[in-house]
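*Asks:* following is a predicted model, sequence given first.
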Number of protein chains: 2
Amino acid sequence: MAAGEGDDSATTGSTLGYALLSLLTRGPATGYQLTQQVKAPLGHFWTARHSQIYPELARLSAAGWVDSVEQAGPGPRAKKTYAVTPSGLAALRAWLVIPPTAQPRSEITLKAYAATSADPAAMAALYTDLAERSTRLLAEFAQDAERMRAAGQDDPGHPRFGNYAVLMMGIESQRAVHRWACWLAACLRTGRPAAYGEPAGD
Amino acid sequence: MAAGEGDDSATTGSTLGYALLSLLTRGPATGYQLTQQVKAPLGHFWTARHSQIYPELARLSAAGWVDSVEQAGPGPRAKKTYAVTPSGLAALRAWLVIPPTAQPRSEITLKAYAATSADPAAMAALYTDLAERSTRLLAEFAQDAERMRAAGQDDPGHPRFGNYAVLMMGIESQRAVHRWACWLAACLRTGRPAAYGEPAGD
DNA sequence: AGTTGACATGTCAGAATTTACATAGTGAGG
DNA sequence: CCTCACTATGTAAATTCTGACATGTCAACT
């Protein structure tokens, strides 16, 4: 109400809001482009549909954390390009240094918890598939990482260092998944305790 | 409509419902006990509050997947102990072998994506703390695993093998987190690309 | 000429999840 | 005696997220 000396303190922001601000620090983008960008590499650790992104952009805009310019586009509505404002960047910086509390949730691990209730062969197949999937992803990620290193993105000074950091987490966690899935599949297949550690090259 | 030859096909069930069924395969439990049990070891990969568990138990009961018996308890309401029914077990078994599609989401990795937008020292501290936390967890998990192996829980034939399998995933993912957090903290601290792989014992 | 896919933005209903409200007995410690 | 923590079960409001509905252009392929 008082003269616009800044924004009020009420703007707390959701995690998705900060995720979008993070994406927008790479440069201005439309809602559509943001929808594409949450697929890779961020999509391995955070996802959102366009039906969630468009309303969230409106909220960020109302809070003064992003600005938008409209251009006449092909569709029935004008295309809106969003950019982070200084106050949006400040909000993002404040959020970043708060230690996160939310636990990750993994459905495949939940299924392992009840593994003995199901047919061992079918469950073994599930984890064999998972191991193969992680092998494919790992090969893909290794290529991406090589490309990024060649572009100097492994330097914390590079503006897209964050992409490299997220990719590294992807590699680490797929390695973890691979080892675990191989071990679990071996256990379920043989019906006896299996040893850990790279059981064959796959 | 026809005589009760079983349940209708409409009962699809939520992930939480199957998580509760999985817990109940360990034996009958009250809603309160289930609330405690989703803290460890399952809590590292799936969480739920009691306010979500109680209504879900009512839904499972309505679907005929669990049975409950009431006992007069201390509080204002009777204590209800739930147990899985044969049709509940069948539903669980069917769900288990479906390959999960949901991606895990990790807030700490999301923050890494925007790491370069924040103060490097503060971000480095965040990941140093994370590395320390994973070290503590790893020590704790190693003890748990030792105890379980002594009890024969690493045998897929053991009724609580699932607990061991989930713990193994916990160990694998904390190892991954530890390596990644150490690397990232080193990058941010020095401001230059860091090498991977156990930088000091920590 | 018709179909498919990419571009582009939005709404709405419902499910899943969190936070807070609400109640009440029992045992331990100050 | 009073407070605190644990046992024990629910409801209500708000938020977050998914899946479906809705609209319309443009380029490539058939």
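*Replies:* Everything's here; your move. Residues are numbered from 1 along each chain as shown, chains lettered A, B, ... in the order given.
*Asks:* secondary structure of A:I108: a helix, I assume?
*Replies:* Yes. Read with DSSP: H, G, I helix; E, B strand; the rest coil, A:I108 is one of the residues of a helix.
*Asks:* not counting its neighbours along the chain, what's nearest it?
*Replies:* Spatial nearest neighbour of A:I108, chain neighbours left out: B:P100 (5.1 Å); criterion: CB to CB, 6 or more residues apart in numbering or on different chains. The C-beta positions use only the backbone N, C-alpha and C, and glycine is treated the same way.
*Asks:* give the contact list for the one you found.
*Replies:* B:P100 is in contact with A:E107, A:I108, A:K111, counting by CB atoms under 8 Å, 6 or more residues apart in numbering or on different chains.
*Asks:* next, A:S68: phi, psi?
*Replies:* The phi and psi values for A:S68, taken as degrees, to the nearest 10, are phi -140, psi 150.
*Asks:* burial measure for it, as a count.
*Replies:* Other residues near A:S68 come to 17 when the count uses other CB atoms under 10 Å in any protein chain shown.
*Asks:* in chain A, which spans are helices?
*Replies:* Along chain A, counting by DSSP state H, helices occupy A:15-24, A:31-37, A:50-62, A:86-96, A:107-113, A:120-150, A:161-190.
*Asks:* looking at those helices, which is closest to B:S14?
*Replies:* helix A:107-113 (11.5 Å; CB to CB).
*Asks:* ok so, going back, need the contacts of B:P100 in TSV (columns: neighbour count, pLDDT and distance to B:D67).
*Replies:* Output for the contacts of B:P100, formatted as TSV (neighbours: other CB atoms under 10 Å in any protein chain shown; pLDDT from 0 to 100; distance: CB to CB, whole Å):
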residue	neighbour count	pLDDT	distance to B:D67
A:E107	19	96	26
A:I108	20	96	29
A:K111	28	97	24
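*Asks:* now, which of these sits nearest DNA strand C?
*Replies:* A:E107 (9.5 Å; CB to the nearest atom of the strand).
*Asks:* which residues touch the closest one?
*Replies:* Residues near A:E107 by CB under 8 Å, 6+ apart: B:T15, B:W46, B:P100, B:A102.
*Asks:* tell me the predicted confidence for the residue nearest to A:I108.
*Replies:* In this model, B:P100 is scored at 94, pLDDT.
*Asks:* with A:T128 instead?
*Replies:* pLDDT, A:T128: 97.
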